[in-house]
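Asks: A predicted structure for the sequence below; I have some questions about it.
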Amino acid sequence: MERYELNFISQSNLEKHIRNTILKYSESINGINLKQFNSNIVDPIKMLFDSLVFKKDIEDIIESEIIRQKDKSNNNIIGYFHQNLFKYINNSDWIVPKTGFDIENINNKIFVEMKNKHNTMNASSSQKTYINMLNKIANDSEAKCFLVEIIAKKSQNIIWELSLDGKKNCNERIKRISIDKFYEIVTGDKLAFYKLCNTLKWLIKKVIDEMPEFNKTKEDTVIIELKNMAQNNLMNSLFFLAFNTYYGWKEEDYLTDNYKIS
């Protein structure tokens, strides 16, 4: 039996946070329907190219798009996990504000922007984040700002240097730091993140095993609904979903009777 050895967060609180994180996977577990699949309108022209260039059946391309959509949601869930875990760290004052920085410690004047990967932000997003940090330290002489990267290129705690309007900026109160170094600052234990990862290897499974409803995955209904929509012609269904308000696309040319609105 595995022993719980983290001294900066109780097992009950970590299990509670893991359980809350798993619950956010409910959409992926329950499967998605056509309405959810097309909530942001899929691109049928790209899917047509992908199908023909990679010589894949359109059904496989749709399955890939379903996985991509789920993966995007799942990445957001992992961001929730990393961000909100700090609320449970013993004797700390970390909060997750609804707006502004991802996490804050008002008493220690620490303000954090957290990213899952080192290459998550484009140039515009980096500049916006950096300017926000510059404003924070300009208005609070004791404030310290961190860009925390979960998947960094390497373990580091360095001054974040960034060019704004062609001028190089750096300030010792704005740091770019990997998650292991940040856990060291928060907990005082340089191995805290390493220990957390080793604990997650068995504790996530323990929590899932205690949630029987998550052992029953449901099928996605997207392809079935698309086939029913336009007499098994998946490509026609995809084009109609995207362009049904455009010139030329008529219900009678594409939809089966059950799906016609008029």
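Replies: Received it, and whenever you're ready, just let me know what you need.
Asks: What segments of the stretch 151-262 of the chain are helices?
Replies: 179-187, 192-209, 222-229, 234-243, 251-254 (DSSP state H, counting those that start in this stretch).
Asks: In TSV: those, plus mean neighbour count.
Replies: Just so you know, the C-beta spots here come from the backbone N, C-alpha and C atoms, and that holds for glycine as well. Formatted as TSV, the helices of the stretch 151-262 of the chain follow (neighbours: other CB atoms under 10 Å):
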stretch	mean neighbour count
helix 179-187	20
helix 192-209	15
helix 222-229	18
helix 234-243	20
helix 251-254	13
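Asks: Now mean pLDDT and distance to residue 81 too, for those, in CSV please.
Replies: Below are the helices of the stretch 151-262 of the chain laid out as CSV (pLDDT from 0 to 100; distance: least, CB to CB, whole Å):
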stretch, mean pLDDT, distance to residue 81
helix 179-187, 96, 12
helix 192-209, 96, 9
helix 222-229, 90, 27
helix 234-243, 91, 33
helix 251-254, 71, 42
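Asks: In JSON lines: the ones you listed, plus distance to residue 168.
Replies: Listed next are the helices of the stretch 151-262 of the chain as JSON lines, based on distance: least, CB to CB, whole Å:
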{"stretch": "helix 179-187", "distance to residue 168": "23"}
{"stretch": "helix 192-209", "distance to residue 168": "31"}
{"stretch": "helix 222-229", "distance to residue 168": "49"}
{"stretch": "helix 234-243", "distance to residue 168": "45"}
{"stretch": "helix 251-254", "distance to residue 168": "56"}
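Asks: nearest to residue 17, of the ones you listed?
Replies: helix 192-209 (9.5 Å; CB to CB).
Asks: Output the closest one in CSV with nothing but the alpha carbons.
Replies: Coordinates of each C-alpha in helix 192-209 appear next as CSV, following Å, rounded to 0.1, in the frame of the first residue of the first chain:
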residue,chain,number,x,y,z
ALA,A,192,7.8,19.3,-3.3
PHE,A,193,6.7,19.1,-7.0
TYR,A,194,8.7,15.9,-7.5
LYS,A,195,6.9,14.4,-4.4
LEU,A,196,3.5,15.7,-5.7
CYS,A,197,4.0,14.0,-9.1
ASN,A,198,5.0,10.7,-7.4
THR,A,199,1.9,10.9,-5.2
LEU,A,200,-0.4,11.6,-8.2
LYS,A,201,0.7,8.4,-9.9
TRP,A,202,-1.3,6.4,-7.4
LEU,A,203,-3.7,8.8,-5.8
ILE,A,204,-5.6,9.8,-9.0
LYS,A,205,-6.3,6.1,-9.5
LYS,A,206,-7.5,5.7,-5.9
VAL,A,207,-9.9,8.6,-6.3
ILE,A,208,-11.2,7.3,-9.7
ASP,A,209,-11.7,3.8,-8.3
